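*Asks:* From the sequence below, what's the structure:
(chains A and B)
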Amino acid sequence: MAEKSLAVVPRTPGVVAGRIFIYTLLGIAAVYFLLPFLVMVMTSVKTMEDIRMGTLISLPREINFDAWSEAWSSACIGVNCQGIRGYFLNSIKMVIPAVFISTALGAVNGYVFSKWRFKGSEVIFSMLLIGCFIPFQVILLPMALTLGKLGIAQSINGLVLVHVVYGLAFTTLFFRNFYVSIPDDLVRAARIDGAGFFRIFWRIILPVSAPIIVVTVIWQTTQIWNDFLFGVVFSGGDSQPVTVALNNLVNTSTGVKKYNVDMAAAIIAASPTLLVYILAGKYFLRGLTAGSVKG
Amino acid sequence: MSSLTIKGVYKSFGQVEVLKDISLDIQSGEFLVLVGPSGCGKSTLLNLIAGLETVTRGEIFIRDQMVNGVSPKDRDIAMVFQTYALYPSMSVRKNISFGLEMRKIPKDEIKKIVEKVAGILQIEELLNRKPAQLSGGQRQRVAMGRALARSPSIFLFDEPLSNLDAKLRVEMRTEIKLLHHRLGVTTVYVTHDQIEAMTLADRIAIMKDGTIQQFDTPRNVYKNPANLFVGGFIGSPAMNFIPTQVVQVGDGQGVVLDVDGGQSYTLPASPGNGALAQWVGREVLFGLRPEYLSDSLPDQDEEPQVHELECRVTVVEPTGADTIVFVNINGVKTTCRVHPDSAGKPGETMRLVTDMTKVFFFDPDTGERI
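*Replies:* Residues are numbered from 1 along each chain as shown, chains lettered A, B, ... in the order given. Below is the predicted model of the structure:
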């Protein structure tokens, strides 16, 4: 489709000039956004000596991955000198269940709010939506009390619960809006065919939900992985997620400031979200526009 | 045996009463069509029969069993939807077998049923395709196949043909009728198209504003409309309603028609209608079907009730077999259906004949038949 529509544009000088303008603009924007990342990557492969001698944007004289291994396994975070490895694993242990549970619950919620409306369901849905607009800071204290009562304060399980509760508003909204575009007649037909609530969800609704599942998983993964505030407030020493550890690593002020290690640690901490976008970015866009191009 | 009985059913959504005191009764094997303009409640009534909505008041019986509290899957019905509602992730085969699977029918039996149904509807070569790979007409067939596979005691159709193009719609209409003849299953069919209703139905229920206006055979609703609404709804082109005054003509009554061009006719009503005597000197609506205001009518020479009118033609619309001619009577644009060869040109005067035994009189205030 895209190639076709490009092919029919006549190549008049005006069109060519327009194209050049567009690509130049896009190029500038890309460089502008990529430059900081480039600096990070370059700094992380320099030696400390190299950093001291050169400028911020000078190319590394030799490529050296020592800083990466140090950041991963031996950098000091506070008094603990084992790198960010353990915290990286903490983040994974937190993100996977939190994303899975919040997505699954959001799907069922969205299914109910779109296909099994009941008296007052619109009110409940509106109330749930308010959850999208509550700032993180507001729920810190009540959430701390709740986690304490449940006995999961300062633990990864506690963090999972916090992220599930906070993410539910968004995941429900995503799924509900997607399911609204699926004809109600499908559910009616399945009911007459003899399928029940969960069977219809499992056999009819879920198989067509792939686009919105991708969107939700990307959204939730990014949100939860990148979260700092909940991580710093609700985690204990050995349950800290990688974002908190990164902050502590950079702020640990014993001896020389190792910029290359800081940069390597930052790239490692950011890599999963980067990876998710590179791998599933096109599905993300497709999912976001899925409702508008039906038929 | 009575297949479907509806007794005094009411349905409200919040404050809005969409169905009021609906009562119907059809025999096993009958084809019932619910017809009416959009918003008349016909689809709601179908959903009540299917059990997808619950009645506010009244009772529904299927095969003499009260089904008010019975869930859709246990009502022994199958439904075909306007949007077809095929499960998008399943192949045609799976779509047809899904309902059977839910009912725990053994696998080899399901296979047999699917093949039989596919044979009846000639969709064998489509069985492994997904709904997205089918044309509108094919989807329609699959949707019917899904309903057929369950061999229910009642088929419910919710405007199944309205998403098809005109030619396919006529073909499928005939096929549905054939299928009904072949299988003889009780059918309830919702449509807003009066031609579909007339061609398919054994009996028609014409609905408006949540009430049934008339419940009768296609022939009777055409020949004997209960009120102004039914008269205007059934028949194409629609019946003419000409406001006129009832006058005394000898022993009987008649109506005055002023045609465009200054001529005035007084047509004596057929003596059968005694009620018209009370309307002398008052205004009525004179209902005249276009096919009975024509250039010639069968047996027009022997029939004493046939009268002639000289009218000036305003617009001519050829349709092929017939030509529709518009004239003005009592200031109202009146449709006539004439033979193409005898149609006048606009501005010309044309001789038309009408049969007073085939006309209707309606109360202009209540719309009731006189």
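*Asks:* B:Glu302: how many residues sit nearby?
*Replies:* 7 (other Cβ atoms under 10 Å in any protein chain shown). All C-beta spots, glycine's among them, are computed from the backbone N, C-alpha and C.
*Asks:* swap in A:Ser58?
*Replies:* A:Ser58: 12 neighbours (other Cβ under 10 Å).
*Asks:* Could you measure from the spatially most central residue of chain A over to chain B?
*Replies:* Nearest residue to the geometric centre of chain A (Cα atoms, centre = their mean): A:Thr222, 0.8 Å. Using Cβ to the nearest Cβ, to the nearest Å, A:Thr222 is found at 28 Å from chain B.
*Asks:* The closest residue to that residue other than its chain neighbours and A:Ser91, how far apart?
*Replies:* Take A:Thr222 and drop its neighbours on the chain: the residue closest to it by Cβ to Cβ, 6 or more residues apart in numbering or on different chains is A:Thr273, 5.0 Å away. Using Cβ to Cβ, to the nearest Å, we find A:Thr273 at a distance of 11 Å from A:Ser91.
*Asks:* okay, these two: which has more neighbours?
*Replies:* Neighbour count, other Cβ under 10 Å: between A:Thr273 and A:Ser91, A:Ser91 has more, with 25 against 17.
*Asks:* and that one, what does it touch?
*Replies:* Residues in contact with A:Ser91, defined by Cβ atoms under 8 Å, 6 or more residues apart in numbering or on different chains, are A:225, A:241-243, A:272.
*Asks:* Which ones among those map onto strands?
*Replies:* With strands defined by DSSP state E, no entry of the contacts of A:Ser91 lies inside them.
*Asks:* will you turn those residues into JSON lines that also has neighbour count, pLDDT and distance to B:Asp216?
*Replies:* JSON lines is the format used below for the contacts of A:Ser91 (neighbours: other Cβ atoms under 10 Å in any protein chain shown; pLDDT from 0 to 100; distance: Cβ to Cβ, whole Å):
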{"residue": "A:Trp225", "neighbour count": "24", "pLDDT": "95", "distance to B:Asp216": "70"}
{"residue": "A:Pro241", "neighbour count": "29", "pLDDT": "93", "distance to B:Asp216": "75"}
{"residue": "A:Val242", "neighbour count": "28", "pLDDT": "93", "distance to B:Asp216": "77"}
{"residue": "A:Thr243", "neighbour count": "20", "pLDDT": "93", "distance to B:Asp216": "76"}
{"residue": "A:Pro272", "neighbour count": "18", "pLDDT": "92", "distance to B:Asp216": "71"}
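*Asks:* So which of those residues are in helices?
*Replies:* A:225, A:242-243, A:272 (DSSP state H).
*Asks:* Of the residues you listed, which are in range of chain B?
*Replies:* When Cβ under 8 Å from any Cβ of the partner chain is taken as the criterion, no member of those contacts chain B.
*Asks:* Next SSE downstream of whichever helix or strand B:Ile120 is part of?
*Replies:* Counting by DSSP states H and E, the element that carries B:Ile120 is helix B:107-121. Downstream of helix B:107-121, the first helix or strand assigned by DSSP H and E is helix B:136-149.
*Asks:* Read off the pLDDT value for the residue nearest to the centre of chain A.
*Replies:* Turning to A:Thr222, the model gives it a pLDDT of 92.
*Asks:* hang on, the earlier thing: check what pLDDT the residue nearest to A:Thr222 gets.
*Replies:* The model's pLDDT for A:Thr273 equals 90.
*Asks:* B:Gln214 belongs to a helix, doesn't it?
*Replies:* No - per DSSP: H, G, I helix; E, B strand; the rest coil, B:Gln214 lies outside any helix segment and is strand.
*Asks:* okay but it is in contact with B:Val221, surely?
*Replies:* Yes - proximity of B:Gln214 to B:Val221 meets the contact threshold set by Cβ atoms under 8 Å, at 5.5 Å.
*Asks:* list residues touching both of these two?
*Replies:* B:204, B:206, B:230.
*Asks:* mind listing which of these are in helices?
*Replies:* Per DSSP H, the subset of the shared contacts of B:Gln214 and B:Val221 in helices is B:Val230.
*Asks:* The shared contacts of B:Gln214 and B:Val221 into CSV, with extra columns for neighbour count and pLDDT?
*Replies:* Formatted as CSV, the shared contacts of B:Gln214 and B:Val221 follow (neighbours: other Cβ atoms under 10 Å in any protein chain shown; pLDDT from 0 to 100):
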residue, neighbour count, pLDDT
B:Ile204, 28, 95
B:Ile206, 27, 95
B:Val230, 24, 94
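*Asks:* Now the residue of the stretch 1-150 of chain A found nearest chain B: phi and psi?
*Replies:* Proximity of the stretch 1-150 of chain A to chain B (Cβ to the nearest Cβ) peaks at A:Lys119, 10.3 Å away. The phi and psi values for A:Lys119, taken as degrees, to the nearest 10, are phi -60, psi 120.
*Asks:* List the residues that contact the residue nearest to A:Thr222.
*Replies:* Contacts of A:Thr273 (Cβ under 8 Å, 6+ apart): A:221-222, A:225-226.
*Asks:* I'd like those residues as JSON lines, with distance to A:Thr43 appended.
*Replies:* Formatted as JSON lines, these follow (distance: Cβ to Cβ, whole Å):
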{"residue": "A:Thr221", "distance to A:Thr43": "27"}
{"residue": "A:Thr222", "distance to A:Thr43": "24"}
{"residue": "A:Trp225", "distance to A:Thr43": "23"}
{"residue": "A:Asn226", "distance to A:Thr43": "21"}
